[in-house]
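Enquirer: Structure for this input, please:
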Amino acid sequence: MDLISRIGDHFSDSAQAKLDAIDVLAPAIAQATELMVACLLADGKILACGNGGSAADAQHFAAELVGRFEMERQGLAAIALTTDSSIMTAISNDYGYKAIFDKQVRALGKPGDVLLAISTSGNSANVIEAIHAAHDNDLRVVALTGKGGGEIAALMRDTDVHLCVPAERTARIQEVHLLTIHCLCDGIDCLLLGVDE
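Expert: Residues are numbered from 1 along each chain as shown. Next up is the predicted model:
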């Protein structure tokens, strides 16, 4: 096996997946950015959830908002629902793993807040339950998916934003998700700080 060639293929495939996604995702990313900024300007917050690599993405997004992305500014209200082991283990023990995000969205989410729901397949049961909880509590949803959107695609309302990566391979979808998160963070900063370039 030629490892160097194989690694080069990963780089090429990743770059191509990003290029293939530009026309599909750019307008929706802009729409999601405006939705999140409106939420933050109205003293709302963004809740983020996902499993595995998507949990890491949820935490990454919240960290960039609460801390900073590339520009200095005050912290912004964002919470990753993937980080409190006591809450997650208590809920999964008492209600099942499917409820770990649902219960948190119902407890922490308020009308006007935004849920960033991340699921590579679009079929994560606990993320789907979080979306139901968000809709029940008048939160808007920004969903990050791939593979056609799965079950989550059918849950999206006209007031939600679905960012579905046009790819099938999990690694490529996650790589585009990370770029999308960086685009969201940059867009939020630019709109809040009045950056023109």
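
Enquirer: mind checking the longest helix of this structure?
Expert: Across the chain, the longest stretch assigned as helix under DSSP state H is helix 3-41.

Enquirer: Would you tell me what the next helix or strand after that one is?
Expert: Downstream of helix 3-41, the first helix or strand assigned by DSSP states H and E is strand 46-49.

Enquirer: so what does that next one touch, helix or strand wise?
Expert: helix 3-41, helix 53-66, strand 78-80, helix 100-108, strand 114-118, helix 125-136 (3 or more Cβ pairs under 8 Å, 6 or more residues apart in numbering; DSSP states H and E). (Glycine included, C-beta is placed from N, CA and C.)

Enquirer: what stretches of the protein score poorly on pLDDT?
Expert: 197 (pLDDT under 70).

Enquirer: again, only this time at 80
Expert: 1, 196-197 (pLDDT under 80).

Enquirer: on that earlier part again, in the longest helix of the chain, which residues are buried?
Expert: 14, 17-18, 21, 25, 29, 32-33, 35-37, 39-40 (16 or more other Cβ atoms under 10 Å).

Enquirer: ok, so of those, who is nearest Glu70?
Expert: Nearest to Glu70 among these, counting by Cβ to Cβ, is Thr33 at 14.7 Å.

Enquirer: does the closest one really touch Ile188, like I thought?
Expert: Yes: using Cβ atoms under 8 Å, Thr33 makes contact with Ile188 at a distance of 5.9 Å.
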